[in-house]
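Visitor: Sharing a sequence plus its predicted fold:
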Amino acid sequence: GEDVEQSLFLSVREGDSSVINCTYTDSSSTYLYWYKQEPGAGLQLLTYIFSNMDMKQDQRLTVLLNKKDKHLSLRIADTQTGDSAIYFCAENTGNQFYFGTGTSLTVIP
Amino acid sequence: NAGVMQNPRHLVRRRGQEARLRCSPMKGHSHVYWYRQLPEEGLKFMVYLQKENIIDESGMPKERFSAEFPKEGPSILRIQQVVRGDSAAYFCASSPDPPWELFFGEGSRLTVL
C-alpha cells in the first residue's frame, strides 16, 4: 500500500479534458479515492469508487478502475482554471489509507 | 459540524527546539491519522490513532517523534529537537467508525530555521 504512483505534472488547455492516472498496489483495497488539494489548503474528497465497480461518473468527473492492472484514472471534462490543483489518488486497505505523490494539474487559459 | 481543526497553521522553530502540533477531529470521529507532506513526495503516512491507543505508527521516525490521542482533548504530534529536515506540512485527518473516508484539516506548516 505504500507505493501508490502518479505522474507529477499535467498541463491542459481550458475546455479540454484532463486525465490523471494512478497505479495502486493492493488488490484487496476496498475503496479507491481521488482527493483535491488547492494551494495552502488541506485535501478534499472529490470522489471515490468501490473496488467492485469499473466506472463511476459524477458530473464532470469520471473514474475508471482496472483491477487487473491496479490502475485508476480520473477524467475531468471541460477543464476550468478553477480545477488547477494537486490531485491525489488513495487506496483504503483495512483501516489504513495510502496516498500517491499527487499530480499537479495546471490549466492554461 | 466543524471540520478537522489543526493548530497552529504555521510554526517556526529553531534547530533543537520542540514542536507540538494539535488536531481536533470532527465531532463523533474516533480515528485520527497524521501525514507529512514534502514537495513532490506526496503524503506520507506517519501514525494512526484511536482514542487513547496508537494503532499503527509504522510511518513515524523512531526517534524524536511521538503522538497521542487522549481521552479528552486533541491529538498531539510532538517533534523533539527539531532539525531542518523536519520542515514540512503536517496534515491530520479523522474518520468515522468504521474508517472508510478521511476528512482533512488545513495542515500545520513547520519551518525549522
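Guide: Received, thanks. Numbers count the residues shown, from 1 in each chain, chains lettered A, B, ... in the order given.

Visitor: from here on, contacts and neighbour counts on C-alpha atoms
Guide: Fine.

Visitor: any idea of the pLDDT on residue 15?
Guide: In the absence of a named chain, chain A is used. Per-residue confidence (pLDDT) for residue A:15: 97.

Visitor: actually it's chain B I care about, not the one you picked
Guide: Looking at residue B:15, its pLDDT is 97.

Visitor: Assign it to helix, strand or coil.
Guide: coil (DSSP: H, G, I helix; E, B strand; the rest coil).

Visitor: and chain A, which residues reach chain B?
Guide: A:8, A:31, A:40-45, A:88, A:92, A:95-102 (Cα under 8 Å from any Cα of the partner chain).

Visitor: Got a ChimeraX select line for the buried ones in those residues?
Guide: Those of those that count as buried under 16 or more other Cα atoms under 10 Å in any protein chain shown are selected in ChimeraX with:
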select /A:8,31,42,43,44,45,88,92,96,97,98,99,100,101,102
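
Visitor: Which ones among the residues of chain A next to chain B map onto strands?
Guide: Among the residues of chain A next to chain B, the residues falling in strands (DSSP state E) are A:31, A:43, A:44, A:45, A:88, A:92, A:96, A:97, A:98, A:99.

Visitor: ok, now how distant is the second one from residue B:33?
Guide: Spelled out, that is residue A:43. Separation of residue A:43 from residue B:33 (Cα to Cα, to the nearest Å): 13 Å.

Visitor: Now for chain B, the helix or strand with the poorest mean pLDDT.
Guide: Of all helical and strand segments in chain B, the minimum by mean pLDDT, DSSP states H and E falls on strand B:42-50, at a mean of 92.

Visitor: Fine, thanks again, bye for now.
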